[in-house]
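Undergrad: Sequence plus the predicted model coming up.
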Amino acid sequence: MAEEVSNPAQQSFQLMDIGVERNAYGRQIDSRVAEIDTEPEFERRTAPGKLEAVFIRAPIIRRVGPSARVLLRYRGDPVLVEQGRHLAATFHPELTADSRVHALFLEKL
């Protein structure tokens, strides 16, 4: 969905004003489950409280342009962004019991 993709550079759908680096957190062995603090905008639209996030060979969003909005961060890096009807996550929200990211997705339908 990103405008730019690196590691390796490749073509993309260019649907969002973001740049990503693939597998930037490391190889499969470096996959992790983390509790992340939620941003005020995310809490306003869902519910307050930390979010469990599963990162598996996850990309890092290296650039967020003015058309995209950051909804969640992990270690300072954006991990959930939206632009118009698009929502992109660098983690797997389907692997936890927390349904807040799914609720945001359903808002867009």
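TA: Now that the structure is in, tell me what you want to look at. Note that the coordinates shown come from a computational prediction; the quantities given were computed from them, not determined experimentally. Numbers count the residues shown, from 1 in each chain.

Undergrad: mind listing what's buried in whichever strand or helix holds residue 79?
TA: Assigned by DSSP states H and E, residue 79 belongs to strand 77-83. For strand 77-83, the neighbour count (16 or more other Cβ atoms under 10 Å) marks 77, 78, 79, 80, 81, 82, 83 as buried. Backbone N, C-alpha and C define where each C-beta goes, glycine included.

Undergrad: Show me how far the longest helix along the chain is from its chain's centre.
TA: Longest helix in the chain, counting residues (DSSP state H): helix 100-107. In terms of Cα atoms, centre = their mean, to the nearest Å, the centre of helix 100-107 is set 13 Å apart from its chain centre.

Undergrad: What's the mean pLDDT across that helix?
TA: On average, the pLDDT along helix 100-107 is 95.

Undergrad: Now do the buried residues in it.
TA: Quick answer for helix 100-107 (16+ other Cβ under 10 Å): 100, 101, 104.

Undergrad: which intervals of the protein have sub-threshold pLDDT?
TA: 26-27, 30 (pLDDT under 70).

Undergrad: strand partners of the strand holding residue 79, parallel vs antiparallel please.
TA: strand 69-74 (antiparallel), strand 86-89 (antiparallel) (DSSP bridges).
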